[in-house]
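K.L.:
Okay, here's the prediction I keep looking at, along with the sequence it came from:
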Amino acid sequence: MKQYLNTGIIGLGSISKVHLAALKELDKARIVAVCDINEEKLSAVAKDTGAKAYTDWHALLQDENVDIVHVLTPHYLHAPMSIEALKAGKHVLSEKPMASELDAALEMIRTAKSAKGTLNIIFQNRYNASTVELKRIIAEENPGKLLGARAIISWHRTAPYYTNSGWRGKWDTEGGGALINQSIHTLDLLSYLGGPIKRVKGKISTDLLEGAIEVEDNAHAVFEYENGATGTIYASTNYAVDAPILLEMAFENATYQLWAEKLFRVENGTPVLLAQGESAKELGEKSYWGASHKIQIAKVYTDILEGRHFEIDGESAFPALALVKGIYESSRTGQWFTLPKV
């Protein structure tokens, strides 16, 4: 059995630093190829890793030495790059969102079904210690029927964050704003922990950053699970700081809160700490990104090398994107949006 995978990385922006740090600690990975159109970034990373440098991502995908490709590019490129990589026989690990449009996401899933390689999507917050423990509690401790859930994401983004990027803040390239970029990890946990979501109704607006971006900097929504439970979402990038995310799930017998890396059970109105993960700041990551990229990346590599199917494939990642796009469509029409299924 092969002991490691040869890694190619497409896109050397801010999130690549997290992937590179995780890969350098992983004995199952060898970084052999990197790609970016920014030659200064490309040269620096190639020199640091000893990898072959490409400015053309198509050429990297034709490199027979590459086993797995990390797609770390702007959102609108995730689908076409992942699809071509799968067709080239590579395994794929794409950052969220898996695509900027639902049709493209479905095409990724269809392509993966007949591909030699596998499609894997980053949702690292599923591997936070707090999330892992809540998932276990739901499965093993019978907290009762889910009654409802709420998610609050209050972060800080300024106009230069968008305008200096060249692709953020635009519908065609980012695919949205506060929901598809900053909030999608939390929206993923709503269905991962609570079960399938049936429909959603919501509103988006561009408020503090009006005139600087096309996409939303605020959103609110109500949604309904297939079991009848209801939930609410509030997302904003207009807050003064990047506050910890709050995800609360109310069951018949108990209420739980995920607060950053911590899990609480609410007892008589008071949160009682149940689990606490490693601080993301101590790992050199932004705390609101979560600290579990390295956990997920290591598991992807281990599963591929040992012939197991990694759990966050296209089908597993699709509901979060469907919820995001459902809120956008509901805001446009003023109607409830029924979430599509794979």
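P.N.:
Good, I have the coordinates.

K.L.:
what's next to the helix or strand where residue 202 lies, contact-wise?
P.N.:
Taking DSSP states H and E as the criterion, residue 202 maps to strand 197-205. With C-beta atoms under 8 Å, 6 or more residues apart in numbering as the contact definition, strand 197-205 has outside contacts at 177-179, 190-191, 216-226, 231, 233, 319, 323, 326-328, 330-331, 335-339. Where C-beta positions appear, they are placed from N, C-alpha and C, glycine not excepted.

K.L.:
Look at residue 2 and give its secondary structure.
P.N.:
Assigned by DSSP: H, G, I helix; E, B strand; the rest coil, the conformation of residue 2 is coil.

K.L.:
Quick check, it in contact with residue 305.
P.N.:
Yes. The criterion here is C-beta atoms under 8 Å, and residue 2 meets it with residue 305 at 6.1 Å.

K.L.:
between those two, who's got more neighbours?
P.N.:
Between residue 2 and residue 305, residue 305 has the larger neighbour count (other C-beta atoms under 10 Å), namely 15 against 9.

K.L.:
Run through the residues that contact that one.
P.N.:
Here residue 305 is in contact with 1, 2, 3, 4, 5, 28 (C-beta under 8 Å, 6+ apart).

K.L.:
Please pick the buried ones from the residues you listed.
P.N.:
Neighbour counting over those (16 or more other C-beta atoms under 10 Å) leaves 5, 28 as the buried ones.

K.L.:
Could you identify the least confident member of the contacts of residue 305?
P.N.:
Checked by pLDDT, these have residue 1 as the lowest-scoring entry (77).

K.L.:
What are the structural domain limits within the protein?
P.N.:
5-122, 125-288+311-338 (automatic domain parsing).

K.L.:
Where does pLDDT dip in the stretch 201-342 of the chain?
P.N.:
Residues of the stretch 201-342 of the chain meeting the criterion pLDDT under 70: 278-290.

K.L.:
how about the residue lying farthest from the centre of the chain, phi and psi?
P.N.:
Distance from the C-alpha centroid of the chain peaks at residue 268, with 33.6 Å (C-alpha atoms, centre = their mean). As for residue 268, its main-chain torsions (degrees, to the nearest 10) stand at phi 50, psi 40.

K.L.:
Could you check how far it is from residue 258?
P.N.:
Here the criterion is C-beta to C-beta, to the nearest Å. By it, residue 268 lies 20 Å from residue 258.

K.L.:
Using a markdown table, lay out the contacts of residue 305 together with distance to residue 39.
P.N.:
Listed next are the contacts of residue 305 as a markdown table, based on distance: C-beta to C-beta, whole Å:
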| residue | distance to residue 39 |
| --- | --- |
| 1 | 38 |
| 2 | 32 |
| 3 | 33 |
| 4 | 28 |
| 5 | 26 |
| 28 | 30 |
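
K.L.:
Show me where the stretch 101-250 of the chain has its helices.
P.N.:
Using DSSP state H, counting those that start in this stretch, the helices of the stretch 101-250 of the chain run over 102-113, 129-140, 159-163, 171-174, 184-194.

K.L.:
In the chain, where's the longest helix?
P.N.:
Secondary structure of the chain per DSSP state H: the longest helix is helix 314-333.

K.L.:
Who are the packing partners of the helix or strand just after that helix?
P.N.:
Note on helix 314-333: by DSSP H and E, the next helix or strand toward the C-terminus is strand 337-338. Contact analysis of strand 337-338 by 3 or more C-beta pairs under 8 Å, 6 or more residues apart in numbering; DSSP states H and E lists strand 197-205, helix 314-333 as its packing neighbours.

K.L.:
quick one: which of these is nearest residue 82?
P.N.:
helix 314-333 (8.8 Å; C-beta to C-beta).

K.L.:
so how far is the closest one off the chain centroid?
P.N.:
Counting by C-alpha atoms, centre = their mean, to the nearest Å, helix 314-333 is centred 13 Å from the centre of its parent chain.

K.L.:
Also stretch 187-202?
P.N.:
On C-alpha atoms, centre = their mean, the centre of stretch 187-202 falls 15 Å from the chain's centre.

K.L.:
buried sites along it?
P.N.:
Neighbour-count burial for stretch 187-202 flags 187-195, 197, 199-202 (criterion: 16+ other C-beta under 10 Å).

K.L.:
can you give me the end-to-end distance of it?
P.N.:
Start-to-end span of stretch 187-202 (C-alpha to C-alpha, to the nearest Å) is 14 Å.

K.L.:
Strands of the stretch 201-342 of the chain, start to end?
P.N.:
Here the stretch 201-342 of the chain has its strands, by DSSP state E, counting those that start in this stretch, at 218-225, 230-236, 246-251, 255-259, 262-267, 270-276, 337-338.
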